[in-house]
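Enquirer: below is the sequence, then the predicted model.
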Amino acid sequence: MKPRPSKNDYYLNIAIDVASRGTCLRRNYGAVIVKNDAIVSTGYTGAPRGLPNCCDLGFCDREAKGVPSGERYELCRSVHAEMNAIVNAGRGKTLGAILYLSGYDVQTGKLIDAEPCFLCKRIILNAGIYKVICRNADGSSWGIIPEGHPTYDT
């Protein structure tokens, strides 16, 4: 019998399934927002609603311009998974919640070390999310409490 996953692994496994809906040609991430042990929102990497996705266009502007990973996000047509999950939830559901983040490399299909970018960290803080749990490439996980995070009653 397969062992029962921990709560962190359970939500991180859901996040990687959510990431499979991503439309980026480089890396896809999935985010799951959980409050009071209930999923309140999910999000994945993809173009804003109504606009064509990179996977549909067949090219990535950042890749075509040789932009290294983690740089020049303003050239990317995708909205990050964390942002999509927060927008889909609204602040009332994110205040005091936990965000789980997993990602994989599109070319290899392998897990990658997940961590919110600088802009996502600010949005997470503004949304009142209490903690972020990230999956590593080796399957382990780690948690961060956004810097400057006030304490919220949940």
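Expert: That came through fine. Residues are numbered from 1 along each chain as shown.

Enquirer: would you map the strands across this structure?
Expert: Ranges of strands within the chain are 27-35, 38-44, 98-105, 111-112, 131-135, 141-144, based on DSSP state E.

Enquirer: helices or strands up against the shortest one?
Expert: The one in question is strand 111-112. strand 98-105 (3 or more CB pairs under 8 Å, 6 or more residues apart in numbering; DSSP states H and E). C-beta here means a position set from N, CA and C on the backbone, and glycine is covered the same way.

Enquirer: what residue ranges in the chain score low on pLDDT?
Expert: 146-154 (pLDDT under 70).

Enquirer: 80 instead, please
Expert: Applying pLDDT under 80 to the chain flags the ranges 69-70, 73, 145-154.

Enquirer: list the contacts of residue 18.
Expert: Residue 18 is in contact with 30-32, 42-44, 81, counting by CB atoms under 8 Å, 6 or more residues apart in numbering.

Enquirer: how about TSV for the residues you listed, with distance to residue 97 and neighbour count added?
Expert: Formatted as TSV, the contacts of residue 18 follow (distance: CB to CB, whole Å; neighbours: other CB atoms under 10 Å):
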residue	distance to residue 97	neighbour count
30	16	30
31	11	32
32	10	27
42	12	21
43	13	28
44	18	24
81	15	31
